[in-house]
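A.B. asks: give me a 3D structure for the following:
(one chain, ligands or ions: 1)
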Amino acid sequence: NETEATLPVFTLEQVAEHHSPDDCWMAIHGKVYDLTPYVPNHPGPAGMMLVWCGQESTEAWETKSYGEPHSSLAARLLQRYLIGTLEETD
Ligand code: HEM
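C.D. replies: Reported below is the predicted structural model:
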């Protein structure tokens, strides 16, 4: 769509530079999110989300690390943090 077409494109190397609790990006389903403002708000053990900062995190997002998907509320929240798309490599 129009909005996504104008978003910057990032590589996984660029995402990986943002791998800390105070600078946390993730790539999920081909999109890039800056989740820094959300880090303190995430429910559950903080580390479960934090270990994914800077990484391709689609599977972690889809499974919460134990096999259950996030809610549709969580999916709506996620969209607030969209900053770009992931460069396609293949
Ligand atoms: C990608 C790494 C992530 C992992 C491994 C992870 C894991 C978890 C875990 C273990 C819980 C608590 C237990 C449970 O609800 O079943 C949880 C809950 C939750 N997480 Fe995450 N999370 C991640 C990323 C995110 C992101 C990026 C968001 C939103 C911006 C988010 C939003 C939520 C919300 C709203 C809940 C409450 C339950 C729900 O709505 O599904 N999480 N997550």
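A.B. asks: longest helix in the protein, please.
C.D. replies: Counting residues, the longest helix in the chain under DSSP state H turns out to be helix 72-79.
A.B. asks: so after that helix, what's the next helix or strand?
C.D. replies: Per DSSP states H and E, the first helix or strand lying C-terminal to helix 72-79 is strand 82-86.
A.B. asks: tell me the buried residues in that following strand?
C.D. replies: In terms of neighbour count (16 or more other CB atoms under 10 Å), strand 82-86 has its buried residues at 84, 85, 86. Using the backbone N, CA and C atoms, a C-beta is placed for each residue, glycine as well.
A.B. asks: so what's residue 73 scoring on pLDDT?
C.D. replies: Listed pLDDT for residue 73 reads 97.
A.B. asks: pLDDT below threshold where in the protein?
C.D. replies: Within the chain, the ranges that satisfy pLDDT under 70 run 1-4.
A.B. asks: switch the cut-off to 80
C.D. replies: 1-5, 89-90 (pLDDT under 80).
A.B. asks: residues near the residue nearest to residue 52 when sequence neighbours are not counted, how many?
C.D. replies: Excluding the flanking residues, the one nearest residue 52 by CB to CB, 6 or more residues apart in numbering is residue 60, at 4.9 Å. Neighbours of residue 60 under the rule other CB atoms under 10 Å: 17.
A.B. asks: thought residue 47 was touching residue 60, still the case?
C.D. replies: No: here residue 60 does not reach residue 47: they are 12.0 Å apart, not a contact under CB atoms under 8 Å.
A.B. asks: thinking residue 12 is in contact with residue 56, fair?
C.D. replies: Yes: in this structure, residue 12 is within contact of residue 56 by CB under 8 Å, at 6.2 Å.
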